[in-house]
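Colleague: For reference, the sequence and a predicted model appear below.
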There are 2 protein chains.
Amino acid sequence: MSLSKGITLVENDLREASSLLRTLKPTGKAFILGVTGPPGTGKSTLVDRLIEVYRKRGLKVGVIAVDPTSPITGGALLGDRIRMAGHASDGGVYIRSMASRGWSGGLSRATSQVIQLMDAAGFDVILVETVGIGQSDIEVVSVSHAVLVVLMPGLGDDVQVSKAGLMEIGDMYVVNKADLEGSDAMVVSILGVVRGMGPRSPPVIKVSALSGEGIEKLEVAIEAVRSRFKHGDVELRLRSAKGMIIETAKSSLLERLGRLSQPNVERLALLVVSGKLTVEDAAKRLVR
Amino acid sequence: MSLSKGITLVENDLREASSLLRTLKPTGKAFILGVTGPPGTGKSTLVDRLIEVYRKRGLKVGVIAVDPTSPITGGALLGDRIRMAGHASDGGVYIRSMASRGWSGGLSRATSQVIQLMDAAGFDVILVETVGIGQSDIEVVSVSHAVLVVLMPGLGDDVQVSKAGLMEIGDMYVVNKADLEGSDAMVVSILGVVRGMGPRSPPVIKVSALSGEGIEKLEVAIEAVRSRFKHGDVELRLRSAKGMIIETAKSSLLERLGRLSQPNVERLALLVVSGKLTVEDAAKRLVR
């Protein structure tokens, strides 16, 4: 089965996709890099740069662009049709956009499934790009071997950035749009936060995805992690596997609840409305 | 126990809060209005107007301001300290902000729990305000008796608004910032979408939350639903009860998965990393 066909299956038929995936052995060859950050920080341009970097090395690159937000927020990712244009003639690049699937939680599982398909199809590097605005994005990147957080000057003070939960999840930080005023201050501010967070402090790199400035430095930082991955680092591999297992389990639990609860929830809601049952007790019965 | 103490319990101790809530009988007195829409459409100002409207009627008003996004997106709601200021001396108003609780799904349950506390404390109207940018917001407002979607001119064409999923969930639509160019066109465009969606087409009302223009019209539209609610409309009550039961059930499933899976997931991830198990099979075992 072709990769596109497999992905279409993942998007349309949860059960059949699950059967297909149970026949696929993980090769463990694909390095998964999560790329996240607030809307407008230039994640897509940076991802395009990284595609170039890895294509030059002769590696096959898959991109999963996850968009859990609506198109009207301004944070929407470009559709794959537009983005594919630049790499249209390159068989070594596969880009796929994925939007919300009707309920939160579904996206993380679908991402994990597309990763498995890309891994089986022989991709070397998989970039998972997502808008970092809510908890669901953090769940999406939990399937990665490493997470790159993209920030830019003018996002507000470091306290705000910390609050967003982005300072806990990065294995490396990029301050994009390095030409903008305040980029050095932003680097200092991020360093101040991440240095207090653990023994192995993540690198903070100033780049301009547009001009290419700083991309080589970033490449070195990513390669440091990818090299650990290639040498079989168990910690990295366990982390991604755990993320995928948990997100898949969550999603299948919620899917099952949605499927099984329809007739019961009506009956329970009547009991709640008539004051015979509390919401908490009704939920308990539903879950049982 | 005071309302604030109850809410603090909900925020900090899931189990104890659940025990507390199982002793509270739903009074079914509080009318729950969800208010959602993209960032920057003026939801908070509109909610403040609605507080005024219901305080003039002598009703007790509770506000739950839910923010599933991070503060750096620009979509952040104002903290309750700032917003309380305007109503500080008014014992008939209670405003509470709630931010993400570390994992998606938790917010909907917490909202449902705070609603139950406010209902028990004798509130007449509960406004649940949330930023409408993703699936999780739609889940949050599923606990309401009615949903008010706030839009404004300049959000893009109707196709974009439809895509956001907001056109499926509204029981009434507000085009706020009526003084802006394009507000009439926006009304026409929304009418065009919602009229095709079902037999009972939701009203679309042009307002300016800032100047107060159109608020009376909105009040009439809300009162039409609230009057159905007060007369015991079962359809409305079932809808909210179902939403609360499902969100609470989902949340408790995920919480249990998180609690029980810790030791198992490590073992399963090792099997996946060594190629002995697929992610799908590992997730199946975890859920079992």
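Modeller: Happy to help now that I have it. Numbers count the residues shown, from 1 in each chain, chains lettered A, B, ... in the order given.

Colleague: Tell me where chain A has strands.
Modeller: A:31-37, A:61-67, A:93-99, A:125-131, A:146-151, A:172-175, A:204-206 (DSSP state E).

Colleague: contacting residues around the first one?
Modeller: Yep, that's strand A:31-37 we're talking about. Contact with strand A:31-37 is made by A:43, A:46-47, A:50, A:115, A:124-132, A:137-138, A:140-141, A:143-151, A:166, A:169, A:174, A:222, A:226, A:229-230, A:240, as judged by C-beta atoms under 8 Å, 6 or more residues apart in numbering or on different chains. Just so you know, the C-beta spots here come from the backbone N, C-alpha and C atoms, and that holds for glycine as well.

Colleague: buried subset of the residues you listed?
Modeller: In the contacts of strand A:31-37, burial by neighbour count holds for A:43, A:46-47, A:50, A:115, A:124-132, A:137-138, A:140-141, A:143-151, A:166, A:169, A:174, A:222, A:226, A:229, A:240, counting by 16 or more other C-beta atoms under 10 Å in any protein chain shown.

Colleague: Domain map for chain A?
Modeller: Domain assignment for chain A by automatic domain parsing gives A:3-249, A:260-287.

Colleague: first vs last residue of the last one, how far apart are they?
Modeller: The first and last residues of domain A:260-287 sit 10 Å apart, counting by C-alpha to C-alpha, to the nearest Å.

Colleague: where in chain A is pLDDT low?
Modeller: Counting by pLDDT under 70, the ranges of chain A that qualify are A:13-14, A:67-86, A:88, A:99-106, A:132-137, A:155-165, A:197-198.

Colleague: repeat that for 50
Modeller: A:70-78, A:81, A:101-103, A:158-160 (pLDDT under 50).

Colleague: middle-most residue in it, spatially?
Modeller: A:V141 (3.4 Å; C-alpha atoms, centre = their mean).

Colleague: give the contact list for it.
Modeller: With contact set as C-beta under 8 Å, 6+ apart, A:V141 has these partners: A:G34, A:T36, A:V128, A:T130, A:V147, A:I169.

Colleague: mind redoing it with 10 Å?
Modeller: Neighbouring residues of A:V141 by C-beta atoms under 10 Å, 6 or more residues apart in numbering or on different chains: A:32-36, A:66, A:108, A:111, A:128-130, A:132, A:147-149, A:169-170, A:243.

Colleague: what about A:S261, distance to B:E247?
Modeller: Computed with C-beta to C-beta, to the nearest Å, the distance linking A:S261 and B:E247 is 12 Å.

Colleague: so what's A:K5 up against?
Modeller: Counting by C-beta under 10 Å, 6+ apart, A:K5 has contacts A:L20, A:L117.

Colleague: actually A:R49, not the one I wrote
Modeller: Contact partners of A:R49, counting by C-beta under 10 Å, 6+ apart, are A:G42, A:V207, A:S208, A:A209, A:L210, A:G212, A:G214, A:I215, A:L218, A:E219.

Colleague: Assess the claim that the fourth one and A:V47 are in contact.
Modeller: Yes - using C-beta atoms under 10 Å, A:A209 and A:V47 qualify as a contacting pair, with a distance of 8.5 Å.

Colleague: which residues do those two both contact?
Modeller: Taking C-beta under 10 Å, 6+ apart as the criterion, A:A209 and A:V47 both touch A:V150.

Colleague: nearest residue to A:D119 other than its sequence neighbours?
Modeller: Spatial nearest neighbour of A:D119, excluding adjacent residues (C-beta to C-beta, 6 or more residues apart in numbering or on different chains): A:A30 at 4.1 Å.

Colleague: what's the burial count for that neighbour?
Modeller: Counted with other C-beta atoms under 10 Å in any protein chain shown, residues neighbouring A:A30 total 24.

Colleague: Phi, psi for it please.
Modeller: Here is the backbone geometry of A:A30 (degrees, to the nearest 10): phi -80, psi 130.

Colleague: I'd assumed A:Y94 was in contact with it.
Modeller: No - the pair A:A30 / A:Y94 is not scored as a contact, 11.7 Å apart, by C-beta under 10 Å.

Colleague: hey, what's in contact with both of these two?
Modeller: Here A:A30 and A:Y94 have A:K60, A:V61, A:G62, A:M118, A:A121, A:F123, A:I126 as joint contacts, going by C-beta under 10 Å, 6+ apart.

Colleague: Number of residues surrounding A:G275?
Modeller: As a measure of burial, A:G275 has 11 neighbours, counting by other C-beta under 10 Å.

Colleague: these two touch, right, it and B:L24?
Modeller: No - in this structure A:G275 lies outside contact range of B:L24 using C-beta under 10 Å: 11.1 Å.

Colleague: Quick check: chain neighbours aside, which residue is closest to A:I246?
Modeller: Residue nearest to A:I246 in three dimensions, not counting chain neighbours: B:V265, with 6.2 Å by C-beta to C-beta, 6+ apart.

Colleague: check contacts around that neighbour.
Modeller: Applying C-beta under 10 Å, 6+ apart, we find B:V265 in contact with A:238, A:241-243, A:245-246, A:249, B:257-258, B:282-283, B:285-286.

Colleague: what do you get for A:L59?
Modeller: By C-beta under 10 Å, 6+ apart, the contact set of A:L59 is A:A30, A:F31, A:I51, A:V53, A:G92, A:V93, A:F123, A:D124, A:V125, A:R226.

Colleague: do the same with A:K230
Modeller: A:K29, A:F31, A:D124, A:E223.

Colleague: Which two of the residues you listed have the greatest separation?
Modeller: The most widely separated members of those, counting by C-beta to C-beta, are A:K29 and A:E223 (16.2 Å).

Colleague: which residues touch A:I222?
Modeller: When contacts are counted by C-beta under 10 Å, 6+ apart, A:I222 touches A:F31, A:L33, A:L50, A:V53, A:Y54, A:V125, A:A146, A:L148, A:D171, A:M172, A:P203, A:I205.

Colleague: that older thread, so which of the strands of chain A gets nearest A:V10?
Modeller: Minimum separation from A:V10 across the strands of chain A (C-beta to C-beta) falls at strand A:93-99, 9.0 Å.

Colleague: just the angle between that closest one and strand A:61-67, please?
Modeller: For strand A:93-99 against strand A:61-67, the angle by axes from the mean of the first three to the mean of the last three C-alpha atoms, to 10 degrees is 10 degrees.

Colleague: ok, the contacts of A:I222 vs A:S183, which is closest?
Modeller: A:I205 (11.0 Å).

Colleague: Who's the closest spatial neighbour of A:L3, skipping the chain neighbours?
Modeller: Using C-beta to C-beta, 6+ apart and skipping the chain neighbours, the partner closest in space to A:L3 is A:A121 (4.7 Å).
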